[in-house]
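> What shape does this take:
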Amino acid sequence: SRILALWRFAARKGLVATWPEISRLAEPQIVPESWSLHEVERLIAACAKMPGVIGTVPACDWWRAFNLAALYTGERTGALLRCPYEGLRLAARVLVVPATCRKGRTKPAIYRELPDVLCDAFAAIEQPRRPRLFFWPTCDARFYAAYTRLLQLAGLPSGRRNKPQRLRRTFATWLESAGGDATKAL
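Numbers count the residues shown, from 1 in each chain. Next up is the predicted model:
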């Protein structure tokens, strides 16, 4: 498949005279790994055991809000961590993730009618003077190390494929099983 992709690229650029006559190879469908409801409950319960503070917010509240936001929006980790605090309109139950925070940087995401559990989690971390909704004071490596500790507290697998991206896959899986369009939502 890589040779064919390179050959097609070279043909488009006029570097070779002939196009490949081989049909595209079938790609196996990958079944997304998502958390079960019981596992999500364990993850959210483990947030209460996270010690310390993140910035000026108790870590237990910060992790709960972050995980619930990832679960209910399906938003990428980077977008949530870059989302400005002004994007949260708690009274209106709306979260706006600007285009500049999202992959592709072309379309903002507007999440309306946020559920009570997420609004309560946001209220627990409410500090309007913060520059970002989920202010993370150190580097990404420390974020993922802390997330590994959270998963271990929950008794869940903590490998590379079990980080916040798995919550995004969980959102998509649950949405699809409820009759929604996960591709469109993501």
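> Next, the residues that contact stretch 113-131 from outside, please.
Applying C-beta atoms under 8 Å, 6 or more residues apart in numbering, the contact partners of stretch 113-131 are 55-57, 61-62, 64-65, 68-69, 72, 84-85, 88, 90, 93-95, 133. C-betas here are computed from N, CA, C, even on glycine.
> for the residue nearest the centre of the chain, what are its contacts?
In the chain, the residue lying closest to the centroid (C-alpha atoms, centre = their mean) is R76, at 2.9 Å. By C-beta under 8 Å, 6+ apart, the residues touching R76 are 102-103, 165, 168.
> Please apply the same query to A46.
Contact analysis of A46 by C-beta under 8 Å, 6+ apart lists 150-151, 153-155.
> Over to A11?
18-20.
> For V40, state which of the contacts of A46 is nearest.
Relative to V40, the closest of the contacts of A46 is A154; by C-beta to C-beta it sits at 9.5 Å.
> what's the closest non-adjacent residue to G55?
Nearest non-adjacent residue to G55, counting by C-beta to C-beta, 6 or more residues apart in numbering: F135, 4.6 Å away.
> these two touch, right, W19 and R8?
Yes - here W19 lies in contact with R8, judged by C-beta atoms under 8 Å, at a distance of 7.0 Å.
> Among those two, which residue is more densely surrounded?
In this view W19 and R8 are compared by other C-beta atoms under 10 Å, and R8 has more residues nearby, 14 against 11.
> Look up the closest residue to the more buried one, ignoring the ones flanking it.
P20 is the one closest to R8 (C-beta to C-beta, 6+ apart), at 6.3 Å.
> residue contacts, the one you found?
Per C-beta under 8 Å, 6+ apart, neighbours of P20: 4, 7-8, 11.
> Just the ones of these in strands?
Residues of those located in strands (DSSP state E): none.
> From those, pick the one nearest A45.
Closest approach to A45 among the contacts of P20 (C-beta to C-beta): L4, at 48.3 Å.
> Now do the contacts for the closest one.
Counting by C-beta under 8 Å, 6+ apart, the residues that L4 touches are 20, 22, 24-25.
> Tell me how many other residues surround R93.
When neighbours are defined as other C-beta under 10 Å, R93 has 16 of them.
> which residue sits closest to it, ignoring its sequence neighbours?
Nearest one to R93, counting by C-beta to C-beta, 6+ apart, is L114 at 4.6 Å.
> What is the burial count for the one you found?
Close neighbours of L114, defined as other C-beta under 10 Å, add up to 22.
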